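> Here's a sequence, model it:
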Amino acid sequence: MNLLEVRRFIRIILMACVGLPCAFSVEAQLLDIRLKTGRNNFLLQERVIVNVTIQNKTDQLAVLANDKNWIQFSVSRARGVPVAKEGQPPEGEVYLLKAGETIEREFQLDPYFDFSEPGEYSLRAVVSIPNWDGEKIVSWPTRIQITRGHDIAILERGVSSSAGGAAPEVRRYTLQKAHVDGKLFLYIRVADNNTPSFRVYSVLPLGTMVQSPRPEIGFEIDAAGIAHVFFQCHARHYLYCTLNPDGKLVARQMFISDSIAGTPSMTRDARGRYGVQGGQRKMSAWDHPAPRRRPRGLPAKELGLPNP
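From the prediction side, this is the model:
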């Protein structure tokens, strides 16, 4: 009887004696599989990204990804009710996981599972090891909360259709606020309002907001359908973000107020171009595109941006 056969025998005995949960503990001694999402809260229709860490805790080589379904995800609601599945995330290339080695992979789950209802979701992964006689190993579970955002402002703009010669499409840009892991965040949601093929292009966190009953936010859409958002993210810090009609972040810049340059604000010139007047430009770790060198100043954790 080889090592894997011995472990299977032990697992069967434990399942009979103390139930299924302990079987997961035994499995975890072969591969330690953990799922991390970076935070606990996500907005409806926001991307759900999970980072999978796999550590080989045996003295044998584990061959991953030479089988089409080497990793399978499952999502469930309260009381273990499974969530509808509409496909499987692509697995990628082959991995040879040597004894003691660890790999990390990132998967986007929201295109393949139904996260359309607010509430708590439990995520798991099962990894199959073909060269271990098809051994299937279950990850430790991780839980996330899907919440609704509160609308702050809505703007609409007609933009060119992706189909040549067709009528312009209507884009709806919605600013939302939501508490994420104890902090107040500003989000933007970009969608069309074309029926029956309603589509959400992006739900993107822009940054933390200062707590205020009436936050001062600059929000405009220019003639090209580019969204311009300016808001206070910290005591003296402001963020200026631009996004294209598909909801992709074009740029994000930080400005600070001081006694000489004053308080920054978003302005529009005679040609209809938007920008920031006043304050000082401050290079930050959350600039987009990212600066070549990590700048000094406000730590990233102070901004608290979740997976920008």
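
> hey, where'd the helices end up in the stretch 201-308 of the chain?
Assigned by DSSP state H, counting those that start in this stretch, the helices in the stretch 201-308 of the chain fall at 300-303.

> Does Leu249 touch Leu243 like I think?
Yes - using CB atoms under 8 Å as the test, Leu249 is close enough to Leu243 to be in contact (5.6 Å). (Glycine included, C-beta is placed from N, CA and C.)

> joint contacts of those two?
The contact sets of Leu249 and Leu243 overlap at Leu204 (CB atoms under 8 Å, 6 or more residues apart in numbering).

> give me the beta-bridge partners of the nearest residue to Glu106 once chain neighbours are set aside?
The spatially closest residue to Glu106, leaving aside those adjacent along the chain, is Asn51, at 5.3 Å (CB to CB, 6 or more residues apart in numbering). Beta-bridge pairing of Asn51 under DSSP bridges involves Lys36, Glu106.

> more crowded one of Leu249 and Leu243?
Leu243 (24 against 17; other CB atoms under 10 Å).

> okay, now the domains of this protein?
Residue ranges for the domains of the chain, per automatic domain parsing: 3-146, 149-303.

> So which bits of stretch 111-123 are buried?
112-113, 115, 121-123 (16 or more other CB atoms under 10 Å).

> and the domains of the chain, which one's lowest on average pLDDT?
Among these, domain 3-146 carries the lowest mean pLDDT, at a mean of 81.

> residues near Gln145, how many?
Gln145 - counted by other CB under 10 Å - has 14 other residues nearby.

> swap that for Glu156, sorry
Neighbours around Glu156, by other CB under 10 Å: 12.

> May I ask which helix or strand encompasses it?
strand 150-159 (DSSP states H and E).

> May I have that strand as CSV, with CA atoms only?
The C-alpha coordinates for strand 150-159 follow below in CSV (Å, rounded to 0.1, in the frame of the first residue of the first chain):
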residue,chain,number,x,y,z
HIS,A,150,-26.7,53.6,-2.9
ASP,A,151,-27.1,55.8,-5.9
ILE,A,152,-25.7,59.3,-5.6
ALA,A,153,-26.0,60.6,-9.2
ILE,A,154,-26.9,59.3,-12.6
LEU,A,155,-25.9,60.8,-16.0
GLU,A,156,-26.7,59.5,-19.5
ARG,A,157,-24.9,60.1,-22.8
GLY,A,158,-25.2,58.7,-26.3
VAL,A,159,-22.1,57.1,-27.6
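
> I'd like the numbering to begin with 46 instead of 1 from here.
New numbering, starting at 46: the last item is strand 195-204.

> Give me the contact list for it.
Contacts of strand 195-204 (CB under 8 Å, 6+ apart): 213-223, 231, 238, 260, 262, 264-266, 269-270, 272, 290.

> how much distance is there from it to the middle of the chain?
22 Å (CA atoms, centre = their mean, to the nearest Å).

> Adjacent strands (with direction) for that strand?
strand 214-225 (antiparallel).

> Check which helices and strands the helix or strand following the strand it pairs with sits against.
Downstream of strand 214-225, the next assigned helix or strand under DSSP H and E is strand 228-237. Using 3 or more CB pairs under 8 Å, 6 or more residues apart in numbering; DSSP states H and E, the elements in contact with strand 228-237 are strand 214-225, strand 245-253, strand 272-277, strand 282-288.

> May I have the strands that pair with strand 228-237, each with its orientation?
strand 214-225 (antiparallel), strand 245-253 (antiparallel).

> Mean neighbour count, those strands: which tops it?
strand 245-253 (a mean of 20; mean count of other CB atoms under 10 Å).

> Show which residues not belonging to it make contact with it.
88-92, 194, 216, 225, 228-237, 274, 276, 278-279, 284, 286, 288, 290-294, 297, 331, 348-353.

> Pull the distance from the helix or strand harbouring Gln100 to the chain's centre.
Using DSSP H and E, Gln100 sits within strand 94-101. A distance of 15 Å separates the centroid of the chain from that of strand 94-101, by CA atoms, centre = their mean.

> Give the buried residues for that strand.
For strand 94-101, by 16+ other CB under 10 Å, it's 95, 97, 99-101.
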